[in-house]
Structure formats: structure tokens, C-alpha cells
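S.K.: here is my input; please provide its structure:
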Amino acid sequence: MRLLKPKADLLDRTFEISIILKGIDGALEVIGGLFLLFLTPATIDRFVVALTQHELTQDSHDFLATHALHYANGLTGSTVFLSALYLLFHGVVKIVLVFALLRTQLWAYPWMIAFLGVFILYQIYRMTFAPSVGLVALTIFDAFVAWLTYLEYQRHKQRIGVQL
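M.R.: Predicted structure coming up:
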């Protein structure tokens with residue numbers, strides 16, 4: 001039994017680190033959503049032009065800079081507003097679930113798994129139209145966190161069952 005404890009501790013630490021990363025991601029999404037609520041498409045376009053100008057003077061075909069400019073030029077007010085709402089909602093839900101998981105609230109485990117599952121399916125759907133390394137990495141990380149959440153949930157249910 002003593003040999004299983006370090007593995008359990010490693011699992012706990014891995015779960016906590018993964019969940020904390022999800023919480024940081026949620027906080028960044030909320031900050032990004034708040035910024036988008038107060039920025040106009042023209043302001044975003046000027047900001048992207050300023051950010052990419054130096055890079056484009058060195059390499060006029062820079063992949064990231066040209067794509068950023070293309071997306072910034074195509075923004076509309078409704079696109080920015082819907083993006084802001086999406087980021088705010090997504091970020092707040094993550095923060096609430098992460099906080100509950102770190103406090104070992106059993107109700108939060110299935111909700112986090114379901115939440116991640118929905119976004120994994122959405123990300124897979126998006127990859128069929130616009131695959132990217134970042135989206136693949138995010139999907140793999142989300143699947144890993146969902147799996148860790150499931151394992152932790154099972155462990156907590158077993159502990160409660162043993163204590164009853």
C-alpha cells in the first residue's frame with residue numbers, strides 16, 4: 001500500500017496543476033472578453049497593424065503577421081461583441097468549476113468533464129475546417145484534463161464510500 005501513495009500523490013499534483021492551468025486560462029479569457037467589450041473593430045485593427053508592422057518590414061510574407069492582419073481587417077462589431085460574450089462565459093464557467101474542484105466539491109467533477117467534453121467536440125469539429133497545431137494541442141490537453149478529472153472523481157467517490 002505504501003507504494004501506491006506516491007503514485008496517488010503524483011496523480012493529485014498533476015490534477016491540481018492541470019486544473020490551475022485551466023483556471024489561469026479562464027482568467028485570461030475573462031480579461032480578453034472584457035477588453036473586447038470596450039474595443040471597436042477599428043481599434044483592434046490599428047493595434048494589430050502596430051504589432052505586425054515591424055515583422056512585416058523584415059518579412060512581408062510572415063505567416064502569423066499576415067493572418068493576424070487578415071483577421072483584424074475582417075472584424076465587425078457583432079463579431080467582436082459575440083467573441084467577448086463567448087470569452088466571458090467560457091472563462092467564468094472555467095473559473096467557477098476550477099474553484100469548486102480545488103475545494104473538492106463533488107458536483108463539479110461531472111460538470112467539468114461535461115464542459116470539457118462539449119468543447120473537445122467543438123474543437124474537433126473546428127479542426128475539420130481549419131486544422132491547426134494549437135487547436136490540436138488544446139484538444140489533447142482538454143482530453144487529458146477530462147481524464148484526470150474522471151480519475152480524481154472516482155477516487156473521491158471511493159473515499160466517501162469507504163468512510164460511509
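S.K.: Ala108 - how many residues pack around it?
M.R.: Residue neighbour count, defined by other CB atoms under 10 Å, stands at 21 for Ala108. Where C-beta positions appear, they are placed from N, C-alpha and C, glycine not excepted.
S.K.: what helix or strand does the closest residue to it other than its chain neighbours sit in?
M.R.: Taking CB to CB, 6 or more residues apart in numbering, and ignoring the residues beside it in sequence, Ala108 has Ala100 as its nearest neighbour in space, at 3.5 Å. Following DSSP states H and E, one finds Ala100 within helix 77-102.
S.K.: what mean pLDDT does that helix get?
M.R.: Model confidence over helix 77-102 averages 92 on the pLDDT scale.
S.K.: and stretch 42-53, by the same measure?
M.R.: In this model, stretch 42-53 carries a mean pLDDT of 84.
S.K.: give me the buried positions along it.
M.R.: Taking 16 or more other CB atoms under 10 Å as the basis for neighbour counts, the residues of stretch 42-53 that come out buried are Ile44, Asp45, Val48, Thr52.
S.K.: which one of these is nearest to Gln158?
M.R.: Proximity of the buried residues of stretch 42-53 to Gln158 was ranked by CB to CB; the top entry is Ile44 with 49.5 Å.
S.K.: if I look at that closest one, how far off is Glu55?
M.R.: Relative to Glu55, Ile44 is positioned 17 Å away (criterion: CB to CB, to the nearest Å).
S.K.: what sits up against the one helix or strand Ala68 maps to?
M.R.: The secondary structure element spanning Ala68 is helix 63-73 (assigned by DSSP H and E). Contacts of helix 63-73 with the rest of the structure, by CB atoms under 8 Å, 6 or more residues apart in numbering, involve Pro41, Ile44, Asp45, Phe47, Val48, Val49, Leu51, Thr52, Glu55, Leu56, Asp59.
S.K.: present those residues as a markdown table; the columns should include distance to Phe144.
M.R.: Conversion of the contacts of helix 63-73 to a markdown table gives the following (distance: CB to CB, whole Å):
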| residue | distance to Phe144 |
| --- | --- |
| Pro41 | 35 |
| Ile44 | 32 |
| Asp45 | 36 |
| Phe47 | 33 |
| Val48 | 32 |
| Val49 | 37 |
| Leu51 | 32 |
| Thr52 | 33 |
| Glu55 | 33 |
| Leu56 | 36 |
| Asp59 | 35 |
